[in-house]
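Peer 1: Have a look; sequence and predicted model below, questions after that.
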Amino acid sequence: MAEHLTVETFKEKVFDYTKDQEWNFKGDKPCIIDFWADWCQPCKMVAPIIDELSEEYKGKVNFYKVDTEAQQELAAVFGIRSIPSLLFCPKGDAPQMALGAIPKETFYKAIKEVLKVEKEEEKEA
C-alpha cells in the first residue's frame, strides 16, 4: 500500500523545498508520488494500480500519495492544477511529472525508463 504523506513527511522522505532551492531527493529508493483527491474519478481508477505496483516493486520503489485537499501546500509547491498528477522521482536525477490517469503498462514503462528499476521477470529474461 502507498504511504500517505503530509508536508512534514514529504520534506523528510522526498524533498525539503523549504531548505533546498535545487531538487535534492532525500529518498533511499526511487519513488512515485500520486497527487489525488477523494472526489476525483480518474484518481479512483489509478488507486488500485498504485496499490498493485507497490506490492510488485516492494523494496525497490516507494509509493506515496498526497491528498491535494488536505495538503494544499504540497499541491501548490508542485503547481498541481489537475489530478491525478504523478511525480516519478529517480535517485540522482530530476523528477518527471505525468498528468492524468495512466494505464498500468505506462507505469511499467516509466518505472523502467525514468526510475531505472526493472521487474524481476525482466532481469531474468
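Peer 2: Thanks, I have it. Since the model is a prediction, treat every value here as computed from it, not as a measurement.

Peer 1: who's in contact with the longest helix seen in the chain?
Peer 2: Counting by DSSP state H, the longest helix found in the chain is helix 41-56. For helix 41-56, the external contacting residues (Cβ atoms under 8 Å, 6 or more residues apart in numbering) are 1-2, 32, 34, 36-37, 61, 63, 65, 83-84, 86, 100-104, 107, 111, 119. Any C-beta I mention is one placed from the backbone N, CA and C, and that applies to glycine too.

Peer 1: What is the neighbour count of residue 8?
Peer 2: 8 (other Cβ atoms under 10 Å).

Peer 1: do you know how far it is from residue 73?
Peer 2: Distance, residue 8 to residue 73, using Cβ to Cβ, to the nearest Å: 11 Å.

Peer 1: Tell me which stretches of the protein form strands.
Peer 2: All strands of the chain, identified by DSSP state E, fall at 3-4, 31-36, 62-67, 85-89, 96-99.

Peer 1: show me the contacts for residue 4.
Peer 2: Counted by Cβ under 8 Å, 6+ apart, residue 4 has contacts 64, 65, 66, 67.
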